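Novice: Please find the sequence and the predicted model below.
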Amino acid sequence: MILPPPFIEGTQDINAIVETPKGSRNKYAYNKETDTVKLKKALPAGMVFPFDFGFIPSTIAEDGDPMDVLVLTDAPTFPGCLVECKVLGIIKVEQEEEGEKVRNDRVIAVQLDSRMYSSANNIDELPQGLVKEIVNFFASYNNVSDDVFNPLGNEGPDVAIKLINRSIKKALDTGEK
């Protein structure tokens, strides 16, 4: 798969690659070495991804992986799907994995042609309680893996875009594409 650039040319809108679709119990992960989407694990019964989840191409976040993105879509897509998105903000997160604390933020974005969420321009404009539900999902998801998940708050699109740009620079500095 030839990955697109992180930003849609001439805009602050992003390209997102979906790994795990909304409603899935299965967690998928893209493997760039094999250019395949691999089944990573299954979630416990009754637990599903609330929205499409994936990554922003050509980025390296503080945890060493491409920057995570949760895409608010009107309907589930599929693993490997490219979704053009408007950035609404970021959920800042510190996680502890194998005794080490690391930032593992999640960008929150909405598909550009969404009928349900297109009026939102900021994470604070989402329906009341939705961001809390998303944070609770990630906390539960990490709890199943015995990883410590510590939400540090939410920020709007300006902070999210600065962090995306920082992750692009990190990818360029390390030679990642």
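Specialist: Yep, it's here.
Novice: Can you list the helices and strands that the longest helix belonging to the chain packs against?
Specialist: Using DSSP state H to define each element, the chain has its longest helix at helix 157-174. In terms of contacts (3 or more Cβ pairs under 8 Å, 6 or more residues apart in numbering; DSSP states H and E), helix 157-174 is packed against strand 82-97, strand 106-111. C-beta: built from backbone N, CA, C; applies to glycine.
Novice: who does the first one pair up with?
Specialist: The reference is to strand 82-97. strand 14-20 (antiparallel), strand 100-103 (antiparallel), strand 106-111 (antiparallel), strand 148-155 (antiparallel) (DSSP bridges).
Novice: Save these as JSON lines, and put in mean pLDDT, mean neighbour count and distance to Ala42 too.
Specialist: As requested, the strands paired with strand 82-97 are exported to JSON lines (pLDDT from 0 to 100; neighbours: other Cβ atoms under 10 Å; distance: least, Cβ to Cβ, whole Å):
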{"stretch": "strand 14-20", "mean pLDDT": "98", "mean neighbour count": "25", "distance to Ala42": "11"}
{"stretch": "strand 100-103", "mean pLDDT": "90", "mean neighbour count": "11", "distance to Ala42": "24"}
{"stretch": "strand 106-111", "mean pLDDT": "98", "mean neighbour count": "26", "distance to Ala42": "21"}
{"stretch": "strand 148-155", "mean pLDDT": "93", "mean neighbour count": "16", "distance to Ala42": "19"}
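Novice: Nearest to Gly54 among the ones you listed would be which one?
Specialist: Judged by Cβ to Cβ, the one of those that comes nearest to Gly54 is strand 14-20, at 4.3 Å.
Novice: which regions of the chain sit below the pLDDT cut-off?
Specialist: Scanning the chain for pLDDT under 70 picks out 177.
Novice: Name the SS class of the residue nearest the centre of it, please.
Specialist: In the chain, the centroid-proximal residue (Cα atoms, centre = their mean) is Val69; its distance is 1.5 Å. Here Val69 is strand, with the state taken from DSSP: H, G, I helix; E, B strand; the rest coil.
Novice: ok, now how distant is Ile166 from Ile108?
Specialist: Just so we're on the same page, residue 166 is Arg rather than Ile. 17 Å (Cβ to Cβ, to the nearest Å).
Novice: Please apply the same query to Cys81.
Specialist: Cys81 is 18 Å from Ile108, by Cβ to Cβ.
Novice: do the same with Lys101
Specialist: 22 Å.
Novice: what would the strands paired with strand 82-97 look like in JSON lines with distance to Thr34?
Specialist: Compiled in JSON lines, the strands paired with strand 82-97 are given as follows (distance: least, Cβ to Cβ, whole Å):
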{"stretch": "strand 14-20", "distance to Thr34": "14"}
{"stretch": "strand 100-103", "distance to Thr34": "25"}
{"stretch": "strand 106-111", "distance to Thr34": "25"}
{"stretch": "strand 148-155", "distance to Thr34": "29"}
